[in-house]
Every structure is written in C-alpha cells, then in structure tokens.
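Trainee: curious how this folds, go ahead:
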Amino acid sequence: MTQTALITGASSGIGEEFARALSARGYDLILVARREDRLRDLAKELPSTAHVISCDLGNEAEALPGKVAGLGLDVDLLVNNAGFGTYGRFTEIDEGRDAEMVRVNCEAVVTLTRAFVPAMVKRGSGGVIVVASTAGLQPIPYEATYAASKAFALSFTEALHTELRGSGVKAMAVNPGPVPTEWQATAGDLDGTKRVPGAIPAAQVVEESLRAYDKGKRAIIPGRTIRWFLRATGPGPKATKLRVTEKIYRPDDPA
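Mentor: Numbering: from 1, shown residues only. Model (predicted):
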C-alpha cells in the first residue's frame, strides 16, 4: 500500500529536496507552502502522485488538517520543514516579524504534529521529521529569536522521540548547518553560509536525514565538517562562546 508524506515548506530548498527524495522512494505526497505555482510546477516533475495545498502556516496552520482530510488521505510521514529566519539587532527587526516566525517555526510544528501523530500511533506506524537547525544548539546574537525557535523545535522533537518509543512511530530532528537556499535572502543575511564552515547542498541534508530516519535516530547534524566544527567549539563557558558568536554574527562586521 502506498504511503503518503506531507511536507511543509515544499516549494524550495530542503523541503523541495525532501519531496524529490520521498517521491523517488515511492511515497505519494502532499506539498504545502504559500507559493502554489511553485508547488504545482514541482508536482509535475515528480514520479509519484503529489497533491498541492497552498497554506500560510503563520496564520492558517489550524486549517491545514481539515484540508488534508478533504483529500481522504492518511499521513504516514509528516515533514515539518517550513520555517524562516530574521537577522539583525532584535530592536531593529520589523515589528511583528519575529512573532510571526515563532508561529511558523514553533506553533505550526506543534499544531501539525498534534493533528497527525495520534492517528499514526493508533495505526502503530508512521513518523515525523522536524527540520530544526544547528542554530538551536546555542544562543545566537542577531539571530536571537530564530535560534530560540530552533532550540524549541529540537527540544520538542527529542522529547517526542522518547515518548513515542515502542509505539511504532518515529520522531527525528534534523539540524542543518549552513545550507545555500532562499533562507539567507529571506532573513536578510546574504553572508549566512560563510559565517561557519561546512556548507552543504540541500540534497545532501535530505539524503543523510533519510538514512538516519530509517535507522530510528533521535536527531542528526548533516555534514561531516559542521559536526567537527561543533564538537571543536562546544566546550567552554557560555559567556565566552556568546562573545565569540556575537563577533561572528555582528551585522557591521564584514567577516
């Protein structure tokens, strides 16, 4: 029986690559994003059936499960990928933008996971993949809300992974480092992939993530270089690490 994967933020970047990889694995897809035209173009390229739902998860997340129910499909794999970031001094970011980001990066993840995972538990199979970030592993000045939102996503998913143990349902957090996508332009940080080493393409993120998901992993950091970098810089007092991170991410620092 064909399984169905729902992917949020499927119109570009990591979400698009999840769509391509899961379609190649034989999943039928439900593609979700704001840009319906891009989703339809992507759906035409995929070898499996792909349904398209235009949805702004900043204010429409609660309506999405009803739209999925209207398709008459069970969701076997939920990929909570949709998200965006902001960059700059917290006091200078457009008012309301960070709150919107929390709704997409945190609230929508909880809403959709709660909507679809209980049915998976009843069936005794399924899974959820949440795209968090290495930004969630430490506070980041000038990406203060974004890093905090990804810390939430990581903590939530790891706790859920433990709760679901033995149920037949998986939960895994993906923590990419720098990945060249539209994220940088949306956040206003065009140098974002240069601040730390180890940038990898979105396709590699997905390939490593699905291998880890198959093995039932709790979380993964795709990319050997960024894993090495995080291990090397992990030890040390938080105050010292915050000062170093502040220098790396400072908007007026050309480095």
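Trainee: just the strands in the protein please.
Mentor: For the chain, the strands defined by DSSP state E cover 4-8, 28-33, 50-54, 77-80, 126-131, 169-174, 219-220.
Trainee: mind checking how far Gly127 is from His51?
Mentor: Gly127 is 19 Å from His51, where distance means Cβ to Cβ, to the nearest Å. (Each C-beta comes from the backbone N, C-alpha and C, glycine too.)
Trainee: ignore what I typed, I meant Thr111.
Mentor: Taking Cβ to Cβ, one finds Thr111 at 19 Å from His51.
Trainee: how about Asn59?
Mentor: For Asn59, the distance to His51 (Cβ to Cβ) stands at 21 Å.
Trainee: between those two, which is the more surrounded one?
Mentor: Neighbours per residue (other Cβ atoms under 10 Å) separate Asn59 from His51, with His51 holding more: 18 against 12.
Trainee: contacts only, for the more buried one.
Mentor: Applying Cβ atoms under 8 Å, 6 or more residues apart in numbering to His51 gives the contacts 28-31, 43, 71, 73.
Trainee: buried among the residues you listed? Make that a PyMOL selection.
Mentor: Applying 16 or more other Cβ atoms under 10 Å to the contacts of His51, the buried members can be selected in PyMOL as follows:
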select buried, resi 28+29+30+31+43+73
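Trainee: and the contacts of His51, which two are the farthest apart?
Mentor: Greatest spatial distance among the contacts of His51 (Cβ to Cβ): Ala43 and Leu73, at 14.6 Å.
Trainee: count the neighbours of Ala10 for me.
Mentor: Residues within reach of Ala10, counting by other Cβ under 10 Å, total 31.
Trainee: ok, and the closest non-adjacent residue to it?
Mentor: Leaving aside its chain neighbours, Ala10 sits nearest to Leu31 (4.1 Å; criterion: Cβ to Cβ, 6 or more residues apart in numbering).
Trainee: beta-bridge partners for that neighbour, please?
Mentor: Ile7, Val52 (DSSP bridges).
Trainee: hang on, it packs against Leu22?
Mentor: No. Checked against Cβ atoms under 8 Å, the pair Leu31 and Leu22 is beyond contact range at 10.4 Å.
Trainee: need the overlap of contacts for these two.
Mentor: Ile7.
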